[in-house]
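Visitor: turn this into a model:
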Amino acid sequence: MFSLSELAPLNQHQGRSKLLKPWWEVFMDYLVVLMLMTSVLACTEQLSRDRVVCIPLDPLVTNTSDHRSSSSSNVALTPSPKTATHIPHNIIPNLQSTARGRRTHLVYQQYVYISQSLVLVASGSFWLHFPHTSARIEHFLAILAKCSESPWTSQALSHAAQQENIQEKEVMEERRPPQPPPSSNSSSPPVTCTRHSSIDSGTDSPLLKRSDGASSVTPPSPCPSTLSCNSTISSTSVGSRVHFPSSKPTFMVDSPTQGVSLDKSDGEQARALFERVRKFRSHCESSAVIYKVYLAQTIFKLLMVTLIVSYTIPLLSSFSFTHTCHPEEQALVGYATFECIHVLSSLLHKLLVAYLTLLGLYGLLNFYTLSWILHSSLRQYSFHSLKELCSLRDVPDLRNDLAFLLHMLDQYDPLLAQRLSVFLSPVSESRLLEESLERRWGEEKLHSMSSVDAKGCSKLQLVALPRLPPALFTLSQLQVLKLELITDARFTTQVSNMTSLRELHLYHCTAAVDPSALGVLQERLEVLHLTFTQASEIPSWVLSLRSLHELHLSGRLSSEGGVGRSWALGSLRQLRHLRVLVIRGMLQRIPGELYEVAGSLVRLEIYNESTRLLVMTGLKRMFDLTELQLQDCQLERLPSALLALTNLRTLNLQHNNLRTLEELLSLAHLRRLSCLILAYNRVLALPASVGVLRSLEVLDLSNNQIQNLTPALFTLPRLRRLLLAGNLLEELPAEVKALQLLTELDLSGNKLESMPPELFSSCLELRILNVAYNSLSSLPRGIAALNQLCKLDLRSNSLEELPAELGCCSGLHGGGLLVEDWLFLSLPPYVRDFLSHSCPPTHSEGHSRPESDSFPYFSPTQWSFSSALESQI
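Guide: This next block holds a predicted model:
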């Protein structure tokens, strides 16, 4: 047994499938049922009353009545005029006579008609139950039901009707001649909605007009936001009133911005429905399976009708329900000739004619269906009525199966297709997203998400939103805005309210800017970070930000043309104030467009992601560069183009394949070069030409393969930071004493076994000393002279004890000494107490502050020290 709950979905599907049946399909269903009933009736009559009546004829008359018509069946049966002949009992009559004429098999014919009627019944709804089409049709009907029930449908159609009424009012006011103002003593009539173009979302809306012959009584709309057309509109629900001309009944229209907003659950369901419709559309528009199956079904039914008619009509004309019988046993029956007729001959003849009549109507409807299919563009669908409305003009044209389903739906009720169009309109989806963003991302929530970065600037980061919340443009104190994975980011004219905005980050977010907002960004925006996949994703408005100071580009740039392939030639000329350019991409040459900003560019950083930078001649024209970073560019030698950068102060070539530094001699004329970073290369030896860099203050040779240090290194009088971690050094020369301004020395990750005493007696400005991960067995006693020392790392060495003179280094208090715990316990207790507890420094800050601009000063409590080897690990 089946329960009602199991049968309910089947009934529901059958009830919904009628929406896709046009009038001719319904008519053909009824015709097939009548044809089936006619066949069953004929079969039943033959099975229940299958008798033949025979009337004896005079032998003289028999010769002239062999071809008598069927009207002789009305002749009454009369008794035989002859007396019965006595038949002996030993005579056995022979009643088996030889059959003559054509056998029609009329007994089985009714089963043929029943079978072909059943075939027509099955083929009538085949396209609704075919496995490849039923799933799409069920999905379409389910989506259609959701679209009709969604409150957003009513709100969107109501908004469209309001926009149309407003346009009609404006057109009427333009055409109407000016009228004198009404007298003050005239009373205004009550405002009621009496015209047929209603503002509600029911069937009175201009979007949902029926034909002129429809009934004037409007059925109530199933949506909760529907307003009655004959009811008076309350003034409390009206946002902005629009008065129509006095020649027609006056009524008011709600402002589009004052519509009834959806709650959270309805908004979520509407957004999910938009996504569901979008996926279903892409799936259905990829093929036309339903259209082809329906066309094949119509052709099959037409062929079936042609076949049935072709053999039934000739058979009907050859049928004879009366025939003459000549039994051979005349002595037994008493007559030699009989005229026989079937009892139900008249009824069967009428049923057959009725069956053929129904079949003919069925065939005509199939011929009409086939002509409708062939003469109509059923694989293309356009919402012509909606294109006239300003708020739903963007409904796209549909094709293939989805277009065919909407054509079939229009034959039932065009209003249903209009309700589905709400979830096909990008404008409708945009309005829904705006309402959702206004509800979920209000000004208070955005304020709570704001934070302060290390520079003290107010920043806000938004990730994976469909679009920018309207409340974002009310944050007048926001300075840094980070947008990541925003689907449809658009800066409108309201960006002028963000008076403090100076920095913008766009991570995989192609933002659009309105013309009115572009002028605001051109005046205020100073820093821009762009992260993209292809260079074509870079917005064109970026090139017009004339106040931009810093531009950071991160993404896969064209290897042949670099940035130039995706940017028009000369497009960087408007960036007149650009001072910092950072490129993270895969370049093979310096982009030629950088020549146009060479006069203002001060810092250029290129992170090339292990792609070899082949052509660097473009650097020769950037005379004003003070900082250049070429990292991960697979460089094997120092570029010759560096000779032209006479104002260069910082050169960073780390993470390359440099093996020799013989070209250092050519850098002698770079008299302002104060910072040289060559870490993470393959340098084997440091040449003596390094001594020509007399202005050098920072030298970083970490993580190379250097085994010995040239004495020329210690002739640099201004050197303050020397970083040699991660090399193969076995000893530190005593000439290090010449570096009297040295403040940081990193020797971690080498093979040192001892430290020269001259380092502690001469380098009195040393503040950071890192000798971790070496093979030191002892420390010189002269370490007590380093009273400026604030960081000392002695971990992972071969030390057995620590000198007590470490207590004289006042800068090491409060955790400045990094060493194993067991080795720390070898110190005297008072030294341990001094180094463990924090106390104010004894040295004056002004006396120990370096005078170099490239080496900023930090207090001892601000140093966050870790060796270069630890960073690599």
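
Visitor: contacts and neighbour counts: CA atoms only from here.
Guide: Will do.

Visitor: show me which residues of the helix or strand hosting C43 are buried.
Guide: Using DSSP states H and E, C43 maps to helix 23-48. For helix 23-48, a neighbour-count test (16 or more other Cα atoms under 10 Å) marks 25, 28-29, 31-32, 34-36, 38-43, 46 as buried.

Visitor: that one - what's its average pLDDT?
Guide: For helix 23-48, the mean pLDDT works out to 82.

Visitor: counting contacts, what elements does whichever helix or strand comes after that helix pack onto?
Guide: Per DSSP H and E, the first helix or strand lying C-terminal to helix 23-48 is strand 52-57. Other helices and strands packing on strand 52-57, by 3 or more Cα pairs under 8 Å, 6 or more residues apart in numbering; DSSP states H and E, are strand 337-342.

Visitor: parallel or antiparallel, which strands does the strand it packs on pair with?
Guide: Partner strands for strand 337-342, per DSSP bridges, with pairing direction: strand 52-57 (antiparallel), strand 322-325 (antiparallel).

Visitor: neighbours of the closest residue to V615 other than its chain neighbours, how many?
Guide: Nearest non-adjacent residue to V615, counting by Cα to Cα, 6 or more residues apart in numbering: R589, 4.4 Å away. By other Cα atoms under 10 Å, 18 other residues sit near R589.

Visitor: for R589, report the pLDDT, please.
Guide: Here the pLDDT value assigned to R589 is 82.

Visitor: that one is in contact with M616, isn't it?
Guide: Yes. In this structure, R589 is within contact of M616 by Cα atoms under 8 Å, at 5.9 Å.

Visitor: do you know how far the residue nearest to V615 is from T617?
Guide: Look at R589 and T617: by Cα to Cα, to the nearest Å, they are 8 Å apart.

Visitor: and E526, by the same measure?
Guide: In terms of Cα to Cα, E526 sits 29 Å off from T617.

Visitor: who has more neighbours out of the two?
Guide: E526 (20 against 15).

Visitor: these two touch, right, the more buried one and L575?
Guide: No. Counting by Cα under 8 Å, L575 is not a contact partner of E526; they are 10.7 Å apart.

Visitor: who touches both of those two?
Guide: S547, L548 (Cα atoms under 8 Å, 6 or more residues apart in numbering).

Visitor: quick one on the thing from earlier: which member of the buried residues of helix 23-48 is positioned nearest S496?
Guide: Nearest to S496 out of those is E25 (Cα to Cα; 60.6 Å).

Visitor: burial measure for L575, as a count.
Guide: L575 has 23 neighbours, counted by other Cα under 10 Å.

Visitor: ramachandran angles for the closest residue to it other than its chain neighbours?
Guide: Nearest-residue entry for L575: R546, 4.8 Å, with adjacent residues in sequence omitted and distances by Cα to Cα, 6+ apart. Here is the backbone geometry of R546 (degrees, to the nearest 10): phi -70, psi -20.

Visitor: give the contact list for R546.
Guide: Applying Cα under 8 Å, 6+ apart, one finds that R546 lies in contact with Q522, E523, Q574, L575, R576, H577.

Visitor: isn't the last one up against H549?
Guide: Yes. A contact is recorded between H577 and H549 when judged using Cα under 8 Å, the distance being 5.6 Å.

Visitor: so where's the stretch 51-200 of the chain uncertain?
Guide: For the stretch 51-200 of the chain, applying pLDDT under 70 flags the ranges 51, 58-110, 163-164, 167-168, 170-172, 174-200.

Visitor: do the same with the stretch 451-600 of the chain
Guide: Counting by pLDDT under 70, the stretch 451-600 of the chain has low-confidence residues at 558-571.

Visitor: please identify the deepest-packed of the strands paired with strand 337-342.
Guide: strand 322-325 (a mean of 19; mean count of other Cα atoms under 10 Å).

Visitor: nearest residue to the most centrally placed residue in the chain in space, please, no chain neighbours.
Guide: Central residue of the chain (Cα atoms, centre = their mean): T487, 7.8 Å from the mean position. Excluding the flanking residues, the one nearest T487 by Cα to Cα, 6+ apart is P466, at 4.9 Å.

Visitor: how about S382?
Guide: D397 (4.7 Å).

Visitor: show me what contacts that neighbour?
Guide: Counting by Cα under 8 Å, 6+ apart, D397 has contacts Q380, Y381, S382, F383.

Visitor: now the residues you listed: which count as buried?
Guide: Among those, those classed as buried by neighbour count (16+ other Cα under 10 Å) are Q380, Y381, F383.

Visitor: is it true that the first one touches D401?
Guide: Spelled out, that is Q380. No. Using Cα under 8 Å, Q380 is not in contact with D401, being 9.1 Å away.

Visitor: right, and the residue nearest to the centre of the chain touches H508 too?
Guide: No. Counting by Cα under 8 Å, H508 is not a contact partner of T487; they are 9.1 Å apart.

Visitor: identify each buried residue in stretch 355-373, please.
Guide: Y355, L356, L358, L359, Y362, G363, L365, N366, F367, T369, L370, I373.

Visitor: okay then, goodbye and thanks.
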